[in-house]
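Give me coordinates for this.
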Amino acid sequence: MKAEEFIISKDDSIKNRLQRIFLIISIAIVLLMSLFSLVYFYYFTKNEATNLIRNKIQLADVFMESKKSETLRTAESIASDRSIQIGIDLGSASKLTEYLMPIVKKEGGYYVTIFDTAGNILSDIGKSDSDLFNGRKQITAEEQVLLQESLKDRKIIDSVSLTNGFHYPFPAYIAAVPIKRNDEMIGIVMVRFVFTENIDFFVRLSRNLNSDIAVYAEAEPVIATADMTITLEHYNNITRLKKDTEQIALAGSGLNEYRCIFSTNGEPVAVVHVYLSSLPYIATFGMAALIYVLIAICIIIAVSITVLRVSATILNPLGKLLEGVNIVRGGNLRHEINVQEQDEIGRLSNAFNEMRSLLNDKIFTIEEMNRGLEKKVEDRTKTIEVLNNKMKHYLSPQLYASIVGGDQEVTTKKHSRKKLTIFFSDIVDFTATTESMEAEDLSSLLNSYLDNMSVIAEKYGGTIDKFVGDAIMVFFGDPKFTSDKDHAMRAVMMAMGMIERLAELRVEWAKVGIERPFHARIGINTGYCTIGNFGSETKMDYTIIGNSVNLAARYEASAKPDSILMSYETYMLVRDDIECAQAGEYSLKGIAHQVKAFSPIRVKNVERKIEVIKLLNEHEIAFPSQIIDVEKLSTEEKRSLLLNIKTVFDKIKTKNH
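Numbers count the residues shown, from 1 in each chain. So this is what the prediction gives:
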């Protein structure tokens, strides 16, 4: 074949097609990443703005709470002033006014009223041109309530909404403090910090926060450092929800945070509004968008140049490859590869069609060899499966899956610290039982017990650490971790299931002549353990060690037959779902102080189906084969059981007559 026969038109060239595809994909990726970055930056900026405005409203709340406390301190200072006490003794309003004037001027921004013990006004100091006192002839109902509370010898500080004679609202902090001499109340001082009369405080607060502030009463601004408004619907929503609300927009309305001021009895007094312009954020976002566009353009140019050069280095050798394929041509293939494309791949297909006739015999030989190899692999696979099935019986399902899956390293050099829930159980007086039974019967009985307990452990996902004679050790939280609460719940549920199953087994064993059936005791603890492989490089155990393990064993040793003791740590994790009883305090070996122990009673909000005695007909009664622990029955379950027994008793009694 002549060399010119391998010449391919430019439009049919793989090189040109791949270059176009790579360029389109690369540019699309760059544009999508830029768009994603801008969207992410926008939401990041919005989140930062939200946090900032929240911090500002919290800081505003701190300043206003400080002013509220300052109002109370001012009232306490006036109440302890000796001159005020003398003025009250003299009963002279002019003297009290004379004494109060320097104090009010010094403190600034407060209204002060002195009452006698009968609630009558002795002196009233404030701005004469105040909108609050214009038209007021007596104190408001809110002030009267605070006055009556202070007459009970109490210090009062509260947020209230005052009104003047024209019923305009005036949010204020009011402090009422008894005036005493020799522990005897001689009057009341009431100090008011009225928001509308202290615009300077809010101006300073606005400067400290670097934000505009407004205070609304009944949806009307009573204090505002800028032109700020609120709708009546929004105001009502804030006062009803009793929580902060926010309106965040990086364009248009800006950053707004609202907080309601409530009185002690929960009544809304006013709403504080902090506003921050969004112009700095818009400018930052615009600059970021410009930078992203410039970066995207630079990346697209760089990617285009790189794609053109790299694709050329990869695809140019295809022409040389076509020439090399022509060397191995020499016969026809039985199975022809039919490719219609006229590009480089099409030419390669024609060359490979010619090569297949020479490779046919070799392929047949390889296939025969593969059949023999597959047979060997199949035999080896079956052998491995048999060994794996045997190994399953010596490892817990979780550990076996971890080793087979490659998650568990078989080495003694790596250990870890984990918070686990550890379970211990053993059979009460097992030694005495072994002395009264033949070895074969004892082995059968013990294996039956361990098999039933293992089924329950696997049901609740526990990792069976080991069997030591009659003792069982199980832990939860490794190799698979879910949550501390889930581990503790499954451990306690497993223990309760084991106690119930053992009671059923005792009935079954008694039927086959076992005189001393097993009784078990269980201990559970939750805490940190060291977990890993312990032993030598040739023989090791995957187990756990630590004080938490020892403590679980101590709880088990202290438990009564057929009972469960669990630690305070485990109890705190399961108490919301499992009803528990405090089992007392125990002095455990190796523990310097007494520890509390708890025993699970029943799972909350779960109805148990208790089998009862059934009247089949006029002459037959069916008895259940269920073991019932009376101490763990709820009141409703006890009532149901007693009614059933009474029904059967009445039936038998009637038949006897």
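
going forward, measure contacts and count neighbours with C-alpha atoms only.
OK.

contacting residues for Glu142?
Residues counted as contacts of Glu142 (Cα atoms under 8 Å, 6 or more residues apart in numbering) are Val160, Ser161, Leu162.

Which members of these are positioned in strands?
When those are checked against strands (DSSP state E), the matches are Val160, Ser161, Leu162.

tell me how far stretch 535-555 is from the chain's mean position?
Centroid separation for stretch 535-555 versus its chain: 31 Å, with Cα atoms, centre = their mean, to the nearest Å.

what's the answer for stretch 585-598, then?
In terms of Cα atoms, centre = their mean, the centre of stretch 585-598 is set 32 Å apart from its chain centre.

One more: stretch 96-110?
Mean-position distance between stretch 96-110 and its chain equals 54 Å (Cα atoms, centre = their mean).

May I see the buried residues of that stretch?
The neighbour-count check on stretch 96-110 (16 or more other Cα atoms under 10 Å) flags Leu96, Thr97, Glu98, Tyr99, Leu100, Ile103, Val104, Gly109, Tyr110 as buried.

Now go through these and say which are in helices.
Assignment to helices by DSSP state H places the following of the buried residues of stretch 96-110 there: Leu96, Thr97, Glu98, Tyr99, Leu100, Ile103, Val104.

okay, those in JSON lines with pLDDT and distance to Leu446 next?
Output for these, formatted as JSON lines (pLDDT from 0 to 100; distance: Cα to Cα, whole Å):
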{"residue": "Leu96", "pLDDT": "83", "distance to Leu446": "94"}
{"residue": "Thr97", "pLDDT": "81", "distance to Leu446": "96"}
{"residue": "Glu98", "pLDDT": "81", "distance to Leu446": "97"}
{"residue": "Tyr99", "pLDDT": "82", "distance to Leu446": "94"}
{"residue": "Leu100", "pLDDT": "82", "distance to Leu446": "92"}
{"residue": "Ile103", "pLDDT": "76", "distance to Leu446": "90"}
{"residue": "Val104", "pLDDT": "74", "distance to Leu446": "90"}
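
And the contacts of the helix or strand containing Ser416?
Assigned by DSSP states H and E, Ser416 belongs to strand 415-427. Contacts to strand 415-427, defined as Cα under 8 Å, 6+ apart, come from residues 470-478, 484, 487-488, 491, 518-533, 548-549, 552-553, 556, 570.

can you check stretch 98-105 too?
Contacts to stretch 98-105, defined as Cα under 8 Å, 6+ apart, come from residues Ile78, Ser83, Ile84, Gly87, Tyr110, Tyr111, Val112, Ile125.

now for those, which pair is the farthest apart?
Distances among the contacts of stretch 98-105 were taken as Cα to Cα; the most separated pair is Gly87 and Tyr110, at 19.7 Å.

quick one, helices of the stretch 151-300 of the chain?
Using DSSP state H, counting those that start in this stretch, the helices assigned to the stretch 151-300 of the chain run over residues 199-209, 232-241, 279-315.

Most tightly packed of these?
Counting by mean count of other Cα atoms under 10 Å, helix 199-209 has the highest mean neighbour count of the helices of the stretch 151-300 of the chain, with a mean of 16.

Quick one: mean pLDDT over it.
Averaged over helix 199-209, pLDDT sits at 88.

What is the helix or strand containing Phe41 packed up against?
Using DSSP H and E, Phe41 sits in helix 14-79. In terms of contacts (3 or more Cα pairs under 8 Å, 6 or more residues apart in numbering; DSSP states H and E), helix 14-79 is packed against strand 156-163, strand 169-181, strand 184-194, helix 199-209, strand 245-248, strand 255-262, strand 268-276, helix 279-315.

Report the angle between that helix and strand 184-194.
Relative orientation of helix 14-79 versus strand 184-194 (axes from the mean of the first three to the mean of the last three Cα atoms, to 10 degrees): 140 degrees.

The helix or strand just after helix 14-79: how far from the chain's middle?
Sequence order places helix 82-90 as the next helix or strand after helix 14-79, per DSSP H and E. How far helix 82-90 lies from its chain's middle: 60 Å, per Cα atoms, centre = their mean.

returning to what we had before: buried members of the contacts of strand 415-427 into ChimeraX, please.
Filtering the contacts of strand 415-427 down to the buried ones (16+ other Cα under 10 Å) takes a single ChimeraX command:
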select :470,471,472,473,474,475,476,477,478,484,487,488,491,518,519,520,521,522,523,524,525,526,527,528,529,530,531,532,533,548,549,552,553,556,570
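
of the contacts of stretch 98-105, closest to Leu59?
Taking Cα to Cα as the measure, Leu59 sits nearest to Tyr110 out of the contacts of stretch 98-105, at 22.8 Å.

State the number of residues packed around the nearest residue to that closest one once chain neighbours are set aside.
Using Cα to Cα, 6 or more residues apart in numbering and skipping the chain neighbours, the partner closest in space to Tyr110 is Phe193 (5.1 Å). When counting by other Cα atoms under 10 Å, one arrives at 23 neighbours for Phe193.

With Lys67 as the reference, measure out to Phe193.
Plainly put, Phe193 is 8 Å away from Lys67 if you go by Cα to Cα, to the nearest Å.

Tell me the pLDDT of Met33.
pLDDT for Met33: 81.
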